[in-house]
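Asker: starting from these lines, generate the structure:
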Amino acid sequence: KNSHISPDTISYSNVINAWAKSGQVGAALRAEDVLYRMQEINEKGSTQVRPNTYCFNSVINAWAYSKLKDSAEKAESILDLMIQLHEDGSEDIVPDQISFNQVMIAYSRSRQPDIAKKVKVVFDKMEQCVRKGNERARPNSMSYSMLVS
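Answerer: Numbering: from 1, shown residues only. So this is what the prediction gives:
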């Protein structure tokens, strides 16, 4: 009988996703905190806890639908971290269509001035990732519709 059971990537991603979908005030911040906790555990050498694209996308999604001020910027900062980690060699973290589209959704929901400019900046980052060889970031019909709406 194993008396010591430790959470793994799946456990943490389920917690992140639960917060992301809860709709509670502060849920996006809680989801982000769990993601950062995963990163800390992984950086200390854990092979059982490794943040991945799904974890990052769940946090971006939480920010995209958050009603907190600056939630779109928070979503974009998570995307920027994904891009950096991927460029630094992480195979588990690959920004994809979902990552970019959710950030564009976050800006479209934000009712900020210059939404079109901010969406275009995100779209340009998407295309830049594709130019660097990340085919998972290739814009799809939703990406293009966000750009023109």
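Asker: for the rest of this, base every contact and every neighbour count on C-alpha atoms.
Answerer: OK.
Asker: burial check on the closest residue to Gln39 other than its chain neighbours, number of neighbours?
Answerer: Once flanking residues are discounted, Gln39 sits nearest to Pro51: 6.3 Å by C-alpha to C-alpha, 6 or more residues apart in numbering. Residues lying near Pro51 (other C-alpha atoms under 10 Å) number 25.
Asker: now swap in the one 4 residues further on and tell me
Answerer: Counted with other C-alpha under 10 Å, the burial measure for Cys55 works out to 25 neighbours.
Asker: residues contacting it?
Answerer: Ser13, Ile16, Asn17, Leu35 (C-alpha atoms under 8 Å, 6 or more residues apart in numbering).
Asker: got a list of what the residue nearest to Gln39 touches?
Answerer: Per C-alpha under 8 Å, 6+ apart, neighbours of Pro51: Thr9, Leu35, Met38, Gln39, Asn42, Asp92, Ile93.
Asker: again, 7 Å this time
Answerer: Taking C-alpha atoms under 7 Å, 6 or more residues apart in numbering as the criterion, Pro51 is in contact with Thr9, Leu35, Met38, Gln39.
Asker: quick check, pLDDT for it.
Answerer: You'll see Pro51 listed with a pLDDT of 97.
Asker: distance of it from Glu127?
Answerer: Distance of Pro51 to Glu127, computed by C-alpha to C-alpha, to the nearest Å: 24 Å.
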